[in-house]
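With the input below, show me the fold.
(chains A and B)
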Amino acid sequence: GQSLEQPSEVTAVEGAIVQINCTYQTSGFYGLSWYQQHDGGAPTFLSYNGLDGLEETGRFSSFLSRSDSYGYLLLQELQMKDSASYFCAVKPGGSYIPTFGRGTSLIVHP
Amino acid sequence: EADIYQTPRYLVIGTGKKITLECSQTMGHDKMYWYQQDPGMELHLIHYSYGVNSTEKGDLSSESTVSRIRTEHFPLTLESARPSHTSQYLCASSEGSGYTFGSGTRLTVV
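Residues are numbered from 1 along each chain as shown, chains lettered A, B, ... in the order given. Coordinates of the predicted model:
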């Protein structure tokens, strides 16, 4: 089976940098994705890492190390609107269906 | 700009009623999914489809059924709603690495 571990909550102040980690155990591996979900809203796709290394999209970056079964989402220049839940999701080998983590609630303080 | 639409957005119904949650996408994606999510919790896969006339059950048994007669349409039906079905239901579609989610249907069974 598949399992993912991510912190349940992270707090930070506006303007800071925060890193949300995700470790996973899967049978085979296709890639690691990140999603953002505001309270009462739908998840929105942020990034995908299929290979090792860093992917940058504006203030957000995502990193993957397949040998360590580990990835992270890095958020820079935090803004109040970044307060949301962030889910990592892994696509195991041989499947199009990702497994989602429990989500990390990010709280940004002024 | 949402390309996947769910209706209704909110629904309150009585126990024992039959309901259908609608989901349509305009992106031509073959793969579509239904997830159930309680507030602050992870997403649980209920059903998925790889294309027309292809449907499979996910990890969570929710006494629901789906159909996929047209590529763009993937409705979810609860034959007899129960209070335990109270939750948010999210429809998604995918082509490649990322999912696109609908805005969700927040269902309350009284």
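
Could you name the helices and strands sitting against the helix or strand bottoming out on mean pLDDT in chain A?
Across the helices and strands of chain A, mean confidence by mean pLDDT, DSSP states H and E is lowest for strand A:99-100: a mean of 88. Contacts of strand A:99-100 with other secondary structure elements, assessed using 3 or more C-beta pairs under 8 Å, 6 or more residues apart in numbering or on different chains; DSSP states H and E, are made with strand A:3-5, strand A:84-91. All C-beta atoms are positioned from the backbone trio N, CA, C, and that covers glycine.

Can you name the element that comes right after that strand?
As assigned by DSSP states H and E, the chain's next helix or strand after strand A:99-100 is strand A:104-109.

ok, which residues in chain B are in contact with chain A?
Remark: the part of chain B in contact with chain A comprises B:31, B:33, B:40-43, B:45, B:48, B:50, B:58, B:90, B:94, B:97-104, B:106, using C-beta under 8 Å from any C-beta of the partner chain.

I'd like to know which of these are buried.
B:31, B:33, B:42-43, B:45, B:48, B:58, B:90, B:94, B:97-104, B:106 (16 or more other C-beta atoms under 10 Å in any protein chain shown).

residue boundaries of the strands in the chain?
All of this refers to chain A. Counting by DSSP state E, chain A has strands at residues A:3-5, A:9-13, A:18-25, A:31-37, A:44-49, A:53-57, A:60-65, A:70-75, A:84-91, A:99-100, A:104-109.

You answered for a different chain; I wanted chain B.
Listed in chain order, the strands found in chain B under DSSP E are B:4-7, B:10-13, B:19-25, B:31-37, B:44-51, B:54-57, B:64-66, B:76-78, B:87-94, B:99-101, B:105-109.

Turn those strands into JSON lines, columns for mean pLDDT.
Putting the strands of chain B into JSON lines (pLDDT from 0 to 100) gives the following:
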{"stretch": "strand B:4-7", "mean pLDDT": "95"}
{"stretch": "strand B:10-13", "mean pLDDT": "97"}
{"stretch": "strand B:19-25", "mean pLDDT": "97"}
{"stretch": "strand B:31-37", "mean pLDDT": "94"}
{"stretch": "strand B:44-51", "mean pLDDT": "93"}
{"stretch": "strand B:54-57", "mean pLDDT": "93"}
{"stretch": "strand B:64-66", "mean pLDDT": "94"}
{"stretch": "strand B:76-78", "mean pLDDT": "96"}
{"stretch": "strand B:87-94", "mean pLDDT": "95"}
{"stretch": "strand B:99-101", "mean pLDDT": "92"}
{"stretch": "strand B:105-109", "mean pLDDT": "96"}
